[in-house]
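Q: This is the structure alone, sequence omitted:
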């Protein structure tokens with residue numbers, strides 16, 4: 001009985017996600033091919049670690065198993081042809097301590113990076129970004145569905161990996 005209830009709950013979640021798609025297929029293709037988009041993070045998932053999960057389970061907004069809801073926040077990854085700018089939180093274990101409390105998240109602007117976007121089956125994309133001019137992240141892998149939902153995996157030399165779920169959007173016009 002519990003299995004059937006879980007299947008129905010998953011199906012309802014999947015249908016809801018499909019109905020509320022952030023971008024259509026054409027917009028998703030356009031923004032990825034033009035290399036001009038914003039990834040908006042809606043939840044963070046630190047690498048599974050008993051100590052980290054123990055602390056995170058006590059935080060407000062935690063849904064257990066290390067999933068942290070970021071709704072109402074402005075955590076983003078902004079990608080342009082000439083730069084990538086990240087403003088993301090970090091939850092997890094750092095192997096080197098920072099002396100500046102403002103460096104606690106994943107915050108940087110890179111102009112020296114490699115970017116590779118591969119179209120996968122069923123209209124999805126895998127985008128690999130490797131950075132040469134920042135210590136905040138060594139590489140990022142962005143997996144994007146054709147409806148604009150995405151998962152961002154962040155790897156660093158001095159921190160445990162972290163993943164973010166979110167959606168893609170077109171950048172807002174600057175006035």
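A: Received, thanks. On a predicted model such as this, the values are computed, not experimentally measured, just so you know. Residues are numbered from 1 along each chain as shown.
Q: So residue 157 sits against residue 136, correct?
A: No - using CB atoms under 8 Å, residue 157 is not in contact with residue 136, being 10.0 Å away. All C-beta spots, glycine's among them, are computed from the backbone N, C-alpha and C.
Q: can you map out the strands along the chain?
A: Ranges of strands within the chain are 37-46, 68-69, 76-79, 84-88, 106-110, 113-119, 125-131, 139-144, 149-155, 162-169, based on DSSP state E.
Q: Among the ones you listed, which comes closest to residue 26?
A: Each of the strands of the chain has some distance to residue 26 by CB to CB; the shortest is strand 162-169, at 12.6 Å.
Q: Centre of the chain to that closest one, how far?
A: 3 Å (CA atoms, centre = their mean, to the nearest Å).
Q: ok, now stretch 28-41?
A: Its chain's average C-alpha position is 13 Å from that of stretch 28-41, according to CA atoms, centre = their mean.
Q: Tell me, how many residues neighbour the closest residue to residue 171 other than its chain neighbours?
A: Once flanking residues are discounted, residue 171 sits nearest to residue 38: 5.3 Å by CB to CB, 6 or more residues apart in numbering. Using other CB atoms under 10 Å, the number of residues around residue 38 comes to 18.
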